[in-house]
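> pasting the structure only:
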Ligand SMILES: Cc1ncc(C[n+]2csc(CCOP(=O)(O)OP(=O)(O)O)c2C)c(N)n1
Ligand SMILES: [Mg+2]
């Protein structure tokens with residue numbers, strides 16, 4: 001499906017034999033020539049696409065093997081993302097949750113990748129991959145519980161920022177905010193999987209911005225030198241908050257770095273869900289069969305703001321965003337494809353939108369009303385084994401403050417009312433408080 005690229009430099013060199021060097025098959029040449037690309041001069045690494053902007057298969061395209069139920073499932077999950085995102089975004093604006101990050105514009109990248117992986121592939125995400133959990137059946141109630149940090153939150157008992165999901169049952173490693181930490185971790189997970197010889201792989205998502213971190217290079221070198229089934233999925237959405245990708249690198253995107261590490265690489269149109277599905281399926285098969293890392297760079301565009309803490313119109317034109325919403329829109333494009341197959345129609349669309357909206361609003365109302373977990377959860381699960389002195393000391397300090405102000409100081413009283421047991425798990429008789 002993907003033809004290997006012709007190398008730009010050695011072609012001329014191959015004809016001449018001037019000896020050889022130790023530890024390399026590099027041909028020796030008598031003429032001086034510099035290169036900074038694996039493609040011929042002036043050419044960029046190509047992008048794999050199967051559907052045009054209007055959902056029509058492009059000439060010569062090999063569509064991935066999908067049937068109607070699977071195709072509908074893809075589209076329904078792509079539509080679930082904006083439904084959830086819109087509600088969560090507004091809920092944050094109302095001050096009911098502290099933070100949110102949307103997937104607007106990246107629905108095809110995230111859902112296409114999710115659908116190409118096996119359900120037990122170990123996923124190490126960055127933060128914009130809620131769709132992988134949804135595809136794996138995590139459920140909108142669990143999403144809401146995590147974002148509200150209530151007592152039903154299975155990701156972290158309400159102790160993580162919103163969208164920092166995690167679920168061992170869904171093979172989804174907990175998100176951590178510091179960028180790119182998941183990249184060397186994924187190389188390690190892949191290596192652990194290789195040693196255990198199971199059939200699942202490690203799949204690591206990261207943004208093109210995170211690829212500017214040292215951890216990207218550490219992780220790629222690890223994956224290159226310790227062969228293991230690790231699939232790197234770069235979401236190139238054009239921005240690292242306010243820094244456009246044109247200011248993030250001078251080379252040919254993230255894909256050009258794969259060959260530098262001896263890693264098989266493909267670039268795909270991230271707004272074409274069928275191309276993403278086909279590319280990631282093939283990349284997954286390749287990393288599993290070869291036991292070596294593979295890199296996929298999905299080219300997309302972040303239509304939404306970076307997060308609820310961002311106003312992207314401070315650094316990009318509204319018109320640019322409006323254009324991007326229209327051109328190659330991943331949802332519209334796939335819907336047109338489904339319609340052309342007779343797999344979707346206006347009635348399906350209306351019914352789906354209504355069903356998703358109801359489901360999300362029900363989950364939102366439930367999560368909003370649910371109490372937060374016990375305050376004492378703050379101090380549990382921090383370390384394994386015996387509790388260290390610093391945790392004991394902090395619990396004692398909070399107990400003392402709650403006993404002193406919990407009933408009398410109104411902001412504290414109101415806040416305590418939101419917790420299960422209203423803090424009594426700490427303040428009840430017998431609880432040890434630190435001394436004044
Ligand atoms: C080590 C580190 N530096 C900076 C940040 C602040 N930060 C959070 S997200 C982000 C941009 C990341 O962009 P990218 O990897 O392209 O992902 P995207 O948000 O576009 O999905 C930055 C700079 C951070 N979280 N961690
Ligand atoms: Mg980005």
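Good, I have the coordinates. Fair warning: this is a prediction, and the values are worked out from it, not measured in the lab. Numbers count the residues shown, from 1 in each chain. Ligands and ions are numbered 1, 2, ... in the order given.
> report pLDDT for the residue nearest the centre of the chain.
Central residue of the chain (Cα atoms, centre = their mean): residue 129, 3.3 Å from the mean position. The model reports residue 129 with a pLDDT of 98.
> from residue 47, how far out is the closest residue to ligand 2 within the stretch 51-200 of the chain?
Nearest to ligand 2, among the residues of the stretch 51-200 of the chain, is residue 128, at 8.4 Å (Cβ to the ion). From N, CA and C alone the C-beta is placed, and that goes for glycine too. For residue 128, the distance to residue 47 (Cβ to Cβ, to the nearest Å) stands at 20 Å.
> the closest residue to the residue nearest to the centre of the chain other than its chain neighbours: how many residues sit nearby?
Closest residue in space to residue 129, ignoring its immediate chain neighbours: residue 205 at 5.1 Å, by Cβ to Cβ, 6 or more residues apart in numbering. Number of residues near residue 205 (other Cβ atoms under 10 Å) recorded here: 27.
> which strand or helix spans residue 205?
Using DSSP states H and E, residue 205 sits within strand 202-207.
> packing partners of that strand?
strand 122-124, helix 182-196, strand 230-236 (3 or more Cβ pairs under 8 Å, 6 or more residues apart in numbering; DSSP states H and E).
> what about the first one and ligand 1, touching?
No - for strand 122-124 and ligand 1, the contact criterion (Cβ under 6 Å from any ligand atom) is not met; the two come no nearer than 13.7 Å.
> adjacent strands (with direction) for that strand?
strand 172-173 (parallel), strand 202-207 (parallel) (DSSP bridges).
> turn these into CSV, including mean pLDDT.
Listed next are the strands paired with strand 122-124 as CSV, based on pLDDT from 0 to 100:
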stretch, mean pLDDT
strand 172-173, 98
strand 202-207, 98
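> could you identify which of the ones you listed is most buried?
Greatest average neighbour count among the strands paired with strand 122-124 goes to strand 202-207 (a mean of 28), per mean count of other Cβ atoms under 10 Å.
> the inter-axis angle of it versus strand 230-236?
20 degrees (axes from the mean of the first three to the mean of the last three Cα atoms, to 10 degrees).
> what angle do strand 202-207 and helix 182-196 make?
Going by the same axes, to 10 degrees, strand 202-207 makes 170 degrees with helix 182-196.
> mind listing what's buried in whichever helix or strand comes after strand 202-207?
Once the chain leaves strand 202-207, the next helix or strand it forms, by DSSP H and E, is helix 214-225. Going by neighbour count (16 or more other Cβ atoms under 10 Å), the buried part of helix 214-225 is 215-217, 219-220, 222-224.
> re earlier: phi, psi for the residue of the stretch 51-200 of the chain closest to ligand 2 please.
Torsion angles at residue 128 (phi, psi; degrees, to the nearest 10) stand at phi -100, psi 30.
> how many neighbours does it have?
23.
> that one contacts residue 239, doesn't it?
No - in this structure residue 128 lies outside contact range of residue 239 using Cβ atoms under 8 Å: 11.5 Å.
> look up phi and psi at the closest residue in space to residue 305 that isn't next to it in sequence.
What sits nearest to residue 305 in space, not counting adjacent residues and going by Cβ to Cβ, 6+ apart, is residue 312, at 4.5 Å. Main-chain dihedrals, residue 312, degrees, to the nearest 10: phi -70, psi -10.
> contacts only, for residue 312.
Applying Cβ atoms under 8 Å, 6 or more residues apart in numbering to residue 312 gives the contacts 239, 242, 302, 304-306, 321.
> can you tell me which of these is nearest ligand 2?
residue 239 (5.0 Å).
> hang on, that closest one packs against residue 245?
Yes - with contact defined as Cβ under 8 Å, residue 239 counts as touching residue 245 (6.8 Å).
> so those two - more neighbours on which side?
A count of neighbours by other Cβ under 10 Å puts residue 239 above the other of residue 239 and residue 245, at 22 against 19.
> the residue of the stretch 201-350 of the chain found nearest ligand 2 and residue 43: what is the separation?
Residue nearest to ligand 2 within the stretch 201-350 of the chain: residue 207 (3.6 Å; Cβ to the ion). Remark: distance between residue 207 and residue 43 (Cβ to Cβ) = 25 Å.
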